[in-house]
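> Build the 3D model from these lines:
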Amino acid sequence: MHETIDHGALSFALAMAIGMLCQGIARHLALPGIVLLLAAGVLLGPDVANIIQPHALGPALPTIVGFSVSIILFEGGLNLKLKVLRAQAGPIRRLVLWGALITAAGGALAAHLLMGWDWEMSLLFGTLVIVTGPTVITPLLRRIRVSEDISTILEAEGIFIDAIGATIAIVTLEVVIAQFSGAALGGGLISIGVRIGLGLLVGGVGGLMLALLLRWRRVVPEGLENVLALSFVVALFAMSNALVPESGITAAIVAGMVVGNARSHALADLVHFKEQLTVLLIATLFVLLAADVRVADVVALGVPGLLTVAVLVLVVRPIGVAFCTWGSGLDVRKKAFLSWLAPRGIVAAAVASLFASALESSGIEGGTELQALVFLVIATTVTVQGLTGGLVARLLDVRRTGRSGFLILGANPIALLLGRALRTCDMRVTVADTNAEDCRHAEEAGLEVFHGNGLQEEPLERLAASNREACIALTPNESVNFLFAQKILQRFAGPSVHVALQASDSGVTAEMVAQSHAQILFGGERDLYWWTGVVRREQYTVVRCHYVDVPRPLSAIDARTNMMFLPLLGVHEGTPFPLASLEQLEPGDRALFAVHSDKLPAVRTWLQEAGFADFESLAGFPGADAMAAFQEIGEVSDGGRPPVGGRAGTGGRPPTGADS
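Okay, the predicted model is just below:
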């Protein structure tokens, strides 16, 4: 017989530590972390090792779960960007509203017919399995990397449906316990509206207040922003629940959306802090709630229980997705993947635990079986869909294929210049920076923006770094640039990596960059601070020209050209690439240079001798009038150009035979 450890504080501490160990192991094994968390909870719970005993926490457990869920959902709201949501607003709205009703009805019918439960208990089960949950969906999507439209729909559905589903479930519980008549059902529907409405109000007002506090640097002392936000979220959750029970979930999500879509210097650190805290809370809660379910109760469900889960996954979900995505423009493959991936998460487990306690205290039988069936749904969907999600995505061909777009670390003027140049080639460009003002300028320039720490692994996964054509480190700090390059090369296989080096800085050498298999941006060290000022003052113009073979060696981009121009891009058959050396270019390729306004004559001569012709200024950039100096250059006829060769951009092509 196992020795009993009946101490709430110890059980909570062990759940936290063991949960994080499981998260670490899962990360190394590339497995869904929740699979290991559920297994750890069962193995260490009262049924097996008897080490973790959630009941020892007593009435503190629901409070811990509630506060933790509020923080988790607030973090989910932080990551919901309105601009992205608008693109898939139709399917998201229908999945959250009509999809919730279809799931509730289908789940209730399956439980009634297969489990033999009465309609009241069946309806409780149907409302409990409405929620899919971002705690499971988001980590899976980061690992699988499906197309952006599918990812947006699943993440948004998981976050919004938590609020809708939990509210509907709580009201249904109240109706069942009170044994309302048909007239009282109308009161229950009104109660749903009141809960959601109050949550929207409290979350909106509270989120706006928090966003304003975080925006005013002098109000909140530096270093206190994250803990202030944490305390604010918990207070909003508790306050909303105190006014109307179970309205706090909606308040937490709405507050997160308001803060996440507001511009604040503290937002990047806040997002990173909340991400780490969410990982800890998810790990702790899943271990505790898994330990709170008796294995014997789950086994007692037998074949009817498994059939109920199968109907929910293979029949109810596909019907809901087909109805809610009708006319959305999504093809059959994407709809099939949406139908397959709908794992239940921490909110379903938490509310099921609450239901079991409430039904037991009201003298209503069936609470234990209800909690066990919900746990079976969670365990089955998380394990099966988590382990097969990548395979199904490959079979349906909905993964992000090929490489598209560029990721730039930095939103400073030089980074925006390069990003805008890439946009002229119809390339997708995302810049990442922690500076709110620089991010605002990037948005105004029409670039995609990630306001956060681009050196962290989770943001890089969210930005799909491994699926980019190139990742470019372009901050004034060359040490940060090199660190970013190392992170990409070590953790994300595939994209080419380019590093900007600061002239007259001995911190990072060209040899270090070469040994790391990255490339030096702009062909060598550049005075990044000086060029930042030049670009900010608009003392430059962007020149586009063609490269042609000439009977002389290629000119080198070296220190002599530092104050003359920045080689931005080469373009081979319509595909741009960061220009690190003229040897990357082949006859017929185009090149883009940012030229200092005072150096146009010298640059004209240099480029002509290096084999360039057909000069023109790029629309939308300053200095177009200064291009008159380039019109004196003799044009090289198109008929004299050799045919374009193979793929450019590898940086390794030696000089051609025209070097004699």
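
> Quick check, central residue of the chain?
For the chain, the residue nearest the mean C-alpha position is residue 462 (3.5 Å; C-alpha atoms, centre = their mean).

> residues in contact with it?
By C-beta atoms under 8 Å, 6 or more residues apart in numbering, the contact list for residue 462 reads 79, 142, 450. Bear in mind the C-beta positions are built from the backbone N, C-alpha and C, glycine included.

> what about the longest helix in this protein?
When the chain is parsed with DSSP state H, its longest helix is helix 182-215.

> tell me how far that helix is from the chain's mean position?
Centroid displacement of helix 182-215 relative to its chain, using C-alpha atoms, centre = their mean, to the nearest Å, is 26 Å.

> List the buried residues of it.
By neighbour count on 16 or more other C-beta atoms under 10 Å, the buried set for helix 182-215 is 188, 191-192, 195-196, 198-203, 206-207, 210-211, 213-215.

> Please apply the same query to stretch 284-300.
For stretch 284-300, the buried set under the neighbour-count rule, 16+ other C-beta under 10 Å, comprises 284-294, 297-298.

> following the helix or strand of the chain with the lowest mean pLDDT, which helix or strand comes up?
In the chain, the helix or strand scored least confidently by mean pLDDT, DSSP states H and E is helix 82-87, which has a mean of 67. The element immediately downstream of helix 82-87 (helix or strand, assigned by DSSP states H and E) is helix 89-110.

> Now do that next one: distance to the chain's middle.
Averaging C-alpha positions (C-alpha atoms, centre = their mean) puts helix 89-110 24 Å from its chain's average.

> separation between residue 522 and residue 488?
Counting by C-beta to C-beta, to the nearest Å, the gap from residue 522 to residue 488 is 18 Å.

> And the two? Which one has more around it.
Each of residue 522 and residue 488 has its neighbours counted (other C-beta atoms under 10 Å); residue 488 has more, 28 against 25.

> Which elements pack onto the strand or helix carrying that one?
Taking DSSP H and E as the definition, one finds residue 488 inside helix 478-491. Where contact means 3 or more C-beta pairs under 8 Å, 6 or more residues apart in numbering; DSSP states H and E, helix 478-491 is packed against strand 406-409, helix 457-462, strand 470-473, strand 496-499, helix 510-515.

> who wins for proximity to residue 54 among these?
Among these, helix 457-462 comes nearest to residue 54, with 28.6 Å by C-beta to C-beta.

> Off-centre distance for the closest one?
7 Å.

> Pull out the buried residues from that helix.
Here helix 457-462 shows 458, 459, 460, 461, 462 as buried, counting by 16+ other C-beta under 10 Å.

> circling back to that earlier point, considering the buried residues of stretch 284-300, which is situated nearest to residue 369?
Nearest to residue 369 among the buried residues of stretch 284-300, with distances taken as C-beta to C-beta, is residue 297, at 6.8 Å.

> which residues sit in contact with the nearest residue to the closest one once chain neighbours are set aside?
Spatial nearest neighbour of residue 297, excluding adjacent residues (C-beta to C-beta, 6 or more residues apart in numbering): residue 372 at 3.9 Å. If you count contacts by C-beta under 8 Å, 6+ apart, residue 372 has them with 293, 294, 297, 298, 300, 301, 305.

> For those, work out which two are farthest apart.
294 and 305 (13.8 Å).

> for the stretch 451-600 of the chain, which spans come out with low pLDDT?
Across the stretch 451-600 of the chain, the ranges flagged by pLDDT under 70 are 505-506, 549-560.

> Out of the contacts of residue 462, who's the most crowded?
residue 450 (23 neighbours).

> ok but it is inside a strand, no?
Yes: judged by DSSP: H, G, I helix; E, B strand; the rest coil, residue 450 forms part of a strand.
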